[in-house]
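*Asks:* I'd like to go over a predicted model; first the sequence, then the structure.
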Amino acid sequence: MYKNDEINSKTSNVKLINKFKVISATANQLIEVNKLSYTEKKLSTYDLLNFVIARDNNCILATGDNRLKKYSENNGIEVLRTLKIIKLMKDYNIISCRKAINACNLLKQCPSTRIPEIYINNLINELEKDSITV
């Protein structure tokens with residue numbers, strides 16, 4: 001998502017979160033990712049690809065992965081966490097509480113998810129409390 005239009009990261013004031021989009025990589029970006037993979041052994045090819053795309057398009061990187069978050073922030077890329085996105089979408093009525101819980105459960109079932117299950121469960125518990133008080 002584009003930094004200047006979409007979110008004020010300091011306040012998490014989401015205005016146009018429904019404009020999240022997937023951006024395809026260019027051939028040059030794929031070549032760069034291949035080169036980076038030789039020096040950045042702790043990050044997967046997909047992580048590096050997401051970093052390069054966010055950097056080249058002046059976008060905020062959405063990730064739940066802590067290694068990618070640290071690497072991106074150390075290289076000047078703003079990061080918004082996956083669970084934060086789910087919560088913000090629920091808070092701004094973009095998705096229902098039930099859909100937010102379902103999204104969290106899908107993250108738990110995904111074998112490649114690197115988000116600690118305790119964090120996902122904490123958000124599920126928070127969402128369940130919200131659904132009771134509404």
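*Replies:* On my side now, so go ahead. Numbering: from 1, shown residues only.
*Asks:* what sits against L48?
*Replies:* Applying C-beta atoms under 8 Å, 6 or more residues apart in numbering to L48 gives the contacts 33, 36-37, 40. All C-beta spots, glycine's among them, are computed from the backbone N, C-alpha and C.
*Asks:* Domain ranges for this structure, per the record?
*Replies:* Domain ranges of the chain: 3-81, 83-133, per automatic domain parsing.
*Asks:* Ends of the last one, what's the gap?
*Replies:* Right, the one you point to is domain 83-133. Start and end residues of domain 83-133 are separated by 21 Å (C-alpha to C-alpha, to the nearest Å).
*Asks:* any idea which of the domains of the chain scores lowest on pLDDT?
*Replies:* For these, the weakest mean pLDDT is recorded on domain 3-81, namely a mean of 83.
*Asks:* distance between that domain and the chain's centre?
*Replies:* 9 Å (C-alpha atoms, centre = their mean, to the nearest Å).
*Asks:* would you list every one of the helices in the chain?
*Replies:* With helices called from DSSP state H, the chain shows them at 3-6, 27-39, 45-56, 66-74, 82-91, 97-109, 117-133.
*Asks:* would you turn those into JSON lines with distance to K21?
*Replies:* Output for the helices of the chain, formatted as JSON lines (distance: least, C-beta to C-beta, whole Å):
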{"stretch": "helix 3-6", "distance to K21": "10"}
{"stretch": "helix 27-39", "distance to K21": "16"}
{"stretch": "helix 45-56", "distance to K21": "11"}
{"stretch": "helix 66-74", "distance to K21": "18"}
{"stretch": "helix 82-91", "distance to K21": "13"}
{"stretch": "helix 97-109", "distance to K21": "18"}
{"stretch": "helix 117-133", "distance to K21": "24"}
